[in-house]
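> Got a predicted model here, sequence first, then my questions.
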Protein chains: 2
Amino acid sequence: MGEFPTVTDVARVAGVSRQTVSNVMNTPGIVKADTRARVEAAISALGYRPHASARRLRTRRSSTIGIRLDPMIDGISGSVLDRFLHALTEQADARGLRVLLFTATSPEDEISQFRRLNDGADVDGFVLTSTTADDPRTEWLLEQGIAFVTFGRPWRSDDFTAPRHPWVDVDGYSGLHAATRAQQDAGATRIAYIGWPSPSGTGDDRRRGWHDAMLERGDVSAEDLACLEVVTADGVDQGAAAMQQLARTAGGIDAVLCASDALALGAMIANPARVPVTGYDNTPIAAAIGLSSVDQPVDEVAAAALELLAGEFEGKSGAPSDPAPPPFRMVTPRLITRQFAAIPRDSVPVNALVSEVSR
Amino acid sequence: MGEFPTVTDVARVAGVSRQTVSNVMNTPGIVKADTRARVEAAISALGYRPHASARRLRTRRSSTIGIRLDPMIDGISGSVLDRFLHALTEQADARGLRVLLFTATSPEDEISQFRRLNDGADVDGFVLTSTTADDPRTEWLLEQGIAFVTFGRPWRSDDFTAPRHPWVDVDGYSGLHAATRAQQDAGATRIAYIGWPSPSGTGDDRRRGWHDAMLERGDVSAEDLACLEVVTADGVDQGAAAMQQLARTAGGIDAVLCASDALALGAMIANPARVPVTGYDNTPIAAAIGLSSVDQPVDEVAAAALELLAGEFEGKSGAPSDPAPPPFRMVTPRLITRQFAAIPRDSVPVNALVSEVSR
DNA sequence: CGGTTTTATTTGATCGATCAAACTTTTTCT
DNA sequence: AGAAAAAGTTTGATCGATCAAATAAAACCG
């Protein structure tokens, strides 16, 4: 009575066999209409729910994807991954997939988690974040033939056109290109960039966006351009220090673009001249302070990741000959322009302080 | 060859029976030492991993807990739940548990997700966040006898001493009491409070902490105390508006305490007098701006939640007579004191801007 | 040493669903 | 109408592990 009904119970009530009940749930098309109606009535009458583990045991499918929850980087930029996780969970839900979390302390540890979750049939595939060049994790997953997608392109040039695994990424190049154009269109010519030391896949990509946009316009010479760039580690303090360095060495500056919101926040703090500052990631802090920022559309990324992952599932279960190369998807970010709303010298009407200009 | 080994394979290699292999994994104590060694050798030789779904089917245990990922509230305060999720996943991992995410658009939707995950044997129990008084979710879970813990106490007085379900919460009262004391010890007497409209379980709790600390010290009369309080919805803009209201109506103020970091950030923006502001939740934004804040120790909360949930598993599987009331745990928050580091009028050495004074 | 208890190991059944193949009924076509 | 094809339904086997009960081996004891 208190126990859960099974297919057999439903079959008995509906006056059919187990398999017909199974067919109603999985391949309704091959069941005669009135039989199906009878079975469906029995299902809802009994409140029947299929036992997920039993199904997984038989089908060797879990309808679950695994994702590592990173150990909280700095809390500011880290929120992008949190937003991505939110989006991924929602999109997964819409596709009937579930998201299983795990943690790991190192790439090796993560690989052993991959093995555990895969061998235990806990997950069908993985979503990887924060990939690096020659990532040991992607190598291992490829060897094992385990389905996965990365949020982050493979950072080796030869992988770009014919990647060895599916990936989704945000086009940081065009994000910064657009941000630069926006400032130029507003009349700025001397636009500085605060970025990360090379080699950094994402960092170099963003820097090139700024760099090319500057060269294309030709407002400043190539030598001047070098003076407008500061390289530093990520962080609020570093951003402030970089801004001070720019003030000393670069002379007049019309605008500053940063590789992250953390840097941008720092730059804004050390910014008595109120030069417009643009960050990257559109974190809550940027919205709160009124900082322009390049927004990564995590919903699109999540949707694309799941789509590619679903394609992987097909491929793995299908014929061994798989001539089509893994697909990839480049997502274009959006520039969120806000009024520069630093904390004012004097009290000012609040509505004017924090306002989003375009979206 | 390419297939996964099963217990039967291990048994064959080790020259024992299936069940002995199972015993080595689940109840190693009852297997003779040398037999166990032989089995363990075979396990690692074959790289055997138990099939999680098969085990779950038989044992009716999933070693997985479900938690709803809320649809991203405002991005500032929401990060507390993200931090909690991080902590929960790590602690769960240490206990051999996994965390399964799901989303829901309403309490009813969430209940149907509960049913789906529970009936499908996907999870053993749930962790609930953002509970309210007479929460329909807790009622339903209690009815069904499904194991769960809430992060958030039951907000009804009669539930407090003998709660109907286990819970963990952070003692917002003492958090604000301590924050008030800290300002008083620094010489402040007129300390304002910006909070949320009543009834709000967490909000009222925090407010009382400030209120009592003020009355205990007796620096201001009860009438004056009312003038020092502003009630508003959560948000940066609202915080700024509240601060301006205080400036108009409350006269001189020595310090401001807020029910959230979002309010505190707003208060700081509309704060030309540089009155010390204290927030709640110790979000990244507070750390970045240099805002004092009450920190919720999410690690402790997560550990306690899992401990109580484990106790629930015991209870459910054991005898039907369960006279002990569900346990609960109140966690004390920490006050993080920072130098007030608003964006300065003029450029100032950066290191002096963002510094954490105590921890 | 024989009998009893304790300890160690094995066998058969089972969890709940789906697959593969057999079987029955209906439809199609000459 | 009768044979062949298609559609609908049922039966037996299976996924991989654990439980319950049966058996075998070892330890205890007067």
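Thanks, I have the structure now.

> remind me which residues of chain A are low pLDDT?
Per-residue confidence for chain A (pLDDT under 70) gives these ranges: A:1-2, A:71-78, A:157-160, A:314-325, A:340-359.

> Tell me the residues of it that contact DNA strand D?
With CB under 7 Å from any atom of the strand as the criterion, chain A meets DNA strand D at residues A:15-20, A:23, A:30-32, A:35-36, A:54, A:57-58. (Glycine included, C-beta is placed from N, CA and C.)

> so residue A:249 touches residue A:229, yeah?
No. If you go by CB atoms under 8 Å, residue A:249 and residue A:229 don't touch, sitting 10.4 Å apart.

> Would you mind telling me which of the two has the busier surroundings?
Higher neighbour count among residue A:249 and residue A:229: residue A:229, with 17 against 10, using other CB atoms under 10 Å in any protein chain shown.

> what about that one, distance to residue A:270?
17 Å (CB to CB, to the nearest Å).

> for residue A:128, same thing?
Residue A:128 is 36 Å from residue A:270, where distance means CB to CB.

> Repeat that for residue A:152.
Per CB to CB, residue A:152 is found 31 Å from residue A:270.

> So if I had to pick from these two, which one is more boxed in?
residue A:270 (23 against 20).

> Backbone dihedrals for the more buried one, please?
The phi and psi torsions at residue A:270 (degrees, to the nearest 10) take the values phi -90, psi 50.

> Surely it and residue A:241 touch.
Yes. With contact defined as CB under 8 Å, residue A:270 counts as touching residue A:241 (7.5 Å).

> got the domain boundaries for chain A?
With domains defined by automatic domain parsing, chain A comprises A:7-50, A:64-151+A:299-331, A:172-296+A:336-352.

> With distance to residue B:147 as new columns, can these be given to me in a markdown table?
Formatted as a markdown table, those follow (distance: least, CB to CB, whole Å):
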| stretch | distance to residue B:147 |
| --- | --- |
| domain A:7-50 | 18 |
| domain A:64-151+A:299-331 | 19 |
| domain A:172-296+A:336-352 | 34 |
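
> which one of the ones you listed lies closest to residue B:81?
Closest to residue B:81 of these is domain A:64-151+A:299-331 (CB to CB; 9.4 Å).

> residues touching the residue nearest to residue A:151 when sequence neighbours are not counted, list them.
Residue nearest to residue A:151 in three dimensions, not counting chain neighbours: residue A:129, with 4.8 Å by CB to CB, 6 or more residues apart in numbering or on different chains. Contact partners of residue A:129, counting by CB atoms under 8 Å, 6 or more residues apart in numbering or on different chains, are A:67-68, A:70, A:81, A:84, A:150-152.

> The closest residue to residue A:235 other than its chain neighbours: neighbour count?
Excluding the flanking residues, the one nearest residue A:235 by CB to CB, 6+ apart is residue A:262, at 5.6 Å. Neighbours of residue A:262 under the rule other CB under 10 Å: 28.

> With residue A:143 instead?
Residue A:143 has 8 nearby residues by other CB under 10 Å.

> That one: helix or strand, and which one exactly?
Taking DSSP states H and E as the criterion, the element that holds residue A:143 is helix A:136-144.

> Residues of the stretch 101-250 of chain A that sit close to chain B?
The stretch 101-250 of chain A comes close to chain B at residues A:101-103, A:115-116, A:119-122, A:236-237, A:240-241, A:244, A:247, as judged by CB under 8 Å from any CB of the partner chain.

> Give the PyMOL command for selecting the buried subset of the residues you listed.
To isolate the buried members of those in PyMOL, using 16 or more other CB atoms under 10 Å in any protein chain shown:
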select buried, chain A and resi 101+102+103+116+119+120+121+122+236+237+240+241+244+247
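
> does any part of the top helix by length along chain A sit near DNA strand C?
As assigned by DSSP state H, the longest helix anywhere in chain A is helix A:298-317. No. Applying CB under 7 Å from any atom of the strand, one finds helix A:298-317 out of contact with DNA strand C, separated by at least 10.4 Å.

> any residues touching that helix, and which ones?
Here helix A:298-317 makes contact (CB under 8 Å, 6+ apart) with A:65, A:80, A:83-84, A:86-88, A:90-92, A:95, A:97, A:124-125, A:127, A:145, A:147-149, A:151, A:166-170, A:322, A:324, A:326-329, A:331.

> got the buried residues for it?
Within helix A:298-317, the residues scored as buried using 16+ other CB under 10 Å are A:298-312, A:315.

> do the same with stretch A:185-195
For stretch A:185-195, the neighbour count (16+ other CB under 10 Å) marks A:188-195 as buried.

> Tell me how far it lies from the chain's centre.
On the basis of CA atoms, centre = their mean, to the nearest Å, stretch A:185-195 sits 27 Å off its chain's mean C-alpha point.

> Would you work out how far apart the start and end of that stretch are?
22 Å (CA to CA, to the nearest Å).

> circling back to that earlier point, narrow the residues of chain A next to DNA strand D to those in strands?
Among those, no residue falls in strands (DSSP state E).

> Of those residues, keep whichever come out buried.
Counted by 16+ other CB under 10 Å, the residues of chain A next to DNA strand D give A:16, A:20, A:23, A:31, A:36, A:54, A:57 as buried.

> could the residues you listed go into TSV alongside distance to residue B:254?
Converted to TSV, these look like this (distance: CB to CB, whole Å):
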residue	distance to residue B:254
A:16	77
A:20	76
A:23	74
A:31	75
A:36	73
A:54	65
A:57	66
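
> same for the strand or helix carrying residue A:149, what does it pack against?
Assessed by DSSP H and E, residue A:149 sits inside strand A:147-151. For strand A:147-151, the elements it packs on are strand A:125-129, helix A:136-144, strand A:167-170, helix A:298-317, judged by 3 or more CB pairs under 8 Å, 6 or more residues apart in numbering or on different chains; DSSP states H and E.

> Try it again at 7 Å.
Here strand A:147-151 touches strand A:125-129, strand A:167-170, helix A:298-317, going by 3 or more CB pairs under 7 Å, 6 or more residues apart in numbering or on different chains; DSSP states H and E.

> Which residues does that strand contact?
Applying CB atoms under 7 Å, 6 or more residues apart in numbering or on different chains, the contact partners of strand A:147-151 are A:84, A:124-129, A:131, A:138, A:141, A:165-169, A:301, A:305, A:308-309, A:312-313, A:316.

> same deal with stretch A:110-118?
Contacts for stretch A:110-118 (CB under 7 Å, 6+ apart): A:66, A:68, A:102, A:104, A:123, A:126, A:136-137, A:140-141, A:146, B:49.

> mind listing the helices for the stretch 101-250 of chain A?
A:107-119, A:136-144, A:157-161, A:172-185, A:201-217, A:222-227, A:236-249 (DSSP state H, counting those that start in this stretch).

> Out of those helices, which is closest to residue B:199?
In terms of CB to CB, the element of the helices of the stretch 101-250 of chain A nearest to residue B:199 is helix A:236-249, at 37.5 Å.

> Name the residues that touch the closest one?
So helix A:236-249 is contacted by A:192, A:194, A:227, A:230, A:232, A:253, A:256, A:258, A:262-267, A:269-271, B:288, B:347, B:350, B:353-354 (CB under 7 Å, 6+ apart).

> check contacts around residue A:223.
Listed by CB under 7 Å, 6+ apart, the contact set of residue A:223 is empty.

> returning to that earlier point: give me the subset of the buried ones among the residues of chain A next to DNA strand D touching DNA strand C.
A:54, A:57.

> Just confirm residue A:100 is within a strand.
Yes. Assessed with DSSP: H, G, I helix; E, B strand; the rest coil, residue A:100 lies in a strand.

> Could I get the contacting residues of it?
A:64, A:66, A:122-123, B:98, B:100.

> do you know how far it is from DNA strand C?
Distance of residue A:100 to DNA strand C, given as CB to the nearest atom of the strand, to the nearest Å: 20 Å.
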